[in-house]
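**Q** I would like the atomic coordinates for the input below:
(one chain, ligands or ions: 2)
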Amino acid sequence: EEREVLATWTGPAATADGTAVKLLANVADGESARSASESPVQGVGLFRTELCFLSSTDEPSVEEQADIYQQVLDAFGEDEYVVIRTLDAGSDKPIAFATLEGEENPALGVRGLRLSFDNPGLLERQLDGIALAASRSRTETWVMAPMVATVAEASDFAEKVRARGLKPGVMVEIPSAALLAHRMLEVVDFLSIGTNDLTQYAMAADRMATDLAHLTDPWQPAVLHLIAITAEAGRQAGKPVGVCGEAAADPLLATALIGMGITSLSMAAAAVRPVGAQLSRVTMETCREAAEAVLSAADPKAGREAVRALLDR
Ligand code: PEP
Ligand code: MG
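**A** Ligands and ions are numbered 1, 2, ... in the order given. Got it, this is the predicted structure:
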């Protein structure tokens, strides 16, 4: 039956009892956006802009940036939206014109939004490029910052984004942001949980360290509690809270995330059909039971087994 559902599922995504779920794509440039638009997604939940500049020695002009961003926007239509993430340079994604050299602990250093603190104009120019692209496209444009630690950072960012007529959000990748999600939502319009970094920082385990894979597992109950806190803040504020890290691409875990109140899942285009097919087979009530099960599980293995058992009933 599982195979049959996967073969026939074509979207749009919803649970078996008809609760709509937004499935979105993670993209890196115009080409990957055009190819992602062929799958049953309703837009882009994470456009990693830094990936466009991995080989740039100098900062591209506002005009050059706008041309690149517009290609991604134009891959989607009027009733779809694209979430553009501002530069997440530093740590595992060094960018020549934006990364500090010689940090002792790059993952805990000046990366993501923090680069804008002592790089006058870098963020503003990127936002100008995004606003220019948005003004030339019919696709709704949302903008979010990576590596946000404090409400003050979220508030400063939101002000700059709103000044350009765009919709601001922040990523929840640092436990401090998850714990204060309700305060973050007083100043931004949406949140997007980056489970790769949220797991790294919650578990104090380098996401690149293959021998720590048992810790860098989004099924870790501590990580899932941070996600649940964030989803609940979104539900209370009536604002969207998505997941855009690898966790969103796991069909089993996706059921628990939806049960927590997560409103969108953004993933590599290849994962969209398995996740959509899985969600189409479960009711919202089962999703809520899955959420409870993973939050009370002793460890990742027990959580996976509990969800499997619920889905096999
Ligand atoms: C994340 O941290 O989960 C995320 C989506 O961002 P990136 O993987 O680009 O750091
Ligand atoms: Mg991240």
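**Q** can you tell me which residues contact Ala133?
**A** By C-beta atoms under 8 Å, 6 or more residues apart in numbering, Ala133 lies in contact with 65-70, 73, 141. For glycine as for every other residue, the C-beta is placed from the backbone atoms N, C-alpha and C.
**Q** make that Val27, sorry
**A** Under the criterion of C-beta under 8 Å, 6+ apart, the neighbours of Val27 are 33, 36, 44, 46-48, 72, 75, 269.
**Q** and if you look at Ile130?
**A** With contact set as C-beta under 8 Å, 6+ apart, Ile130 has these partners: 65-66, 69, 84, 86, 141, 143, 164, 166.
**Q** Let's see that with 10 Å instead.
**A** Residues in contact with Ile130, defined by C-beta atoms under 10 Å, 6 or more residues apart in numbering, are 47, 49, 62, 65-66, 69-70, 73, 82, 84, 86, 141-143, 161, 164, 166.
**Q** before we move on, what about Gly11?
**A** 21, 23, 39-42, 272-273, 276-277, 280.
**Q** redo that, cut-off 7 Å
**A** 40, 276 (C-beta atoms under 7 Å, 6 or more residues apart in numbering).
**Q** Quickly find the element holding it.
**A** Secondary structure here is read from DSSP states H and E; on that basis Gly11 sits in neither a helix nor a strand.
**Q** Based on its surroundings, how many neighbours for the closest residue to ligand 1 within the stretch 201-313 of the chain?
**A** Ranking the residues of the stretch 201-313 of the chain by distance to ligand 1 (C-beta to the nearest ligand atom) places Gly245 first, at 2.8 Å. Number of residues near Gly245 (other C-beta atoms under 10 Å) recorded here: 27.
**Q** any idea how far it is from ligand 2?
**A** 7 Å (C-beta to the ion, to the nearest Å).
**Q** Would you mind confirming that that residue makes contact with Gly194?
**A** Yes - using C-beta atoms under 7 Å, Gly245 makes contact with Gly194 at a distance of 4.8 Å.
**Q** ranges for the strands of the protein?
**A** Shown for the chain, the strands assigned by DSSP state E span residues 22-27, 43-48, 81-85, 140-145, 167-172, 190-193, 241-243, 264-267.
**Q** closest one to ligand 2 among those strands?
**A** If you check each of the strands of the chain against ligand 2 by C-beta to the ion, strand 167-172 wins as the nearest, at 6.7 Å.
**Q** anything in that closest one sitting right up against ligand 2?
**A** No - Strand 167-172 is not in contact with ligand 2 by C-beta under 5 Å from the ion; minimum separation 6.7 Å.
**Q** do the same with stretch 259-272
**A** No - residues of stretch 259-272 contacting ligand 2 under C-beta under 5 Å from the ion: none, with a closest distance of 12.3 Å.
**Q** now the end-to-end length of that stretch.
**A** Criterion C-alpha to C-alpha, to the nearest Å; first-to-last residue distance in stretch 259-272 is 18 Å.
**Q** Go through it and flag the buried ones.
**A** The neighbour-count check on stretch 259-272 (16 or more other C-beta atoms under 10 Å) flags 259-269, 271-272 as buried.
**Q** Going by distance to Ala306, which of those wins?
**A** Nearest to Ala306 among the buried residues of stretch 259-272 is Gly259, at 12.2 Å by C-beta to C-beta.
**Q** My read is that the closest one contacts Arg288, right?
**A** Yes - proximity of Gly259 to Arg288 meets the contact threshold set by C-beta under 7 Å, at 4.3 Å.
**Q** circling back to that earlier point, and the contacts of Ala133, which two are the farthest apart?
**A** Pairwise distances among those were taken by C-beta to C-beta; the largest, 14.8 Å, belongs to Asp67 and Thr141.
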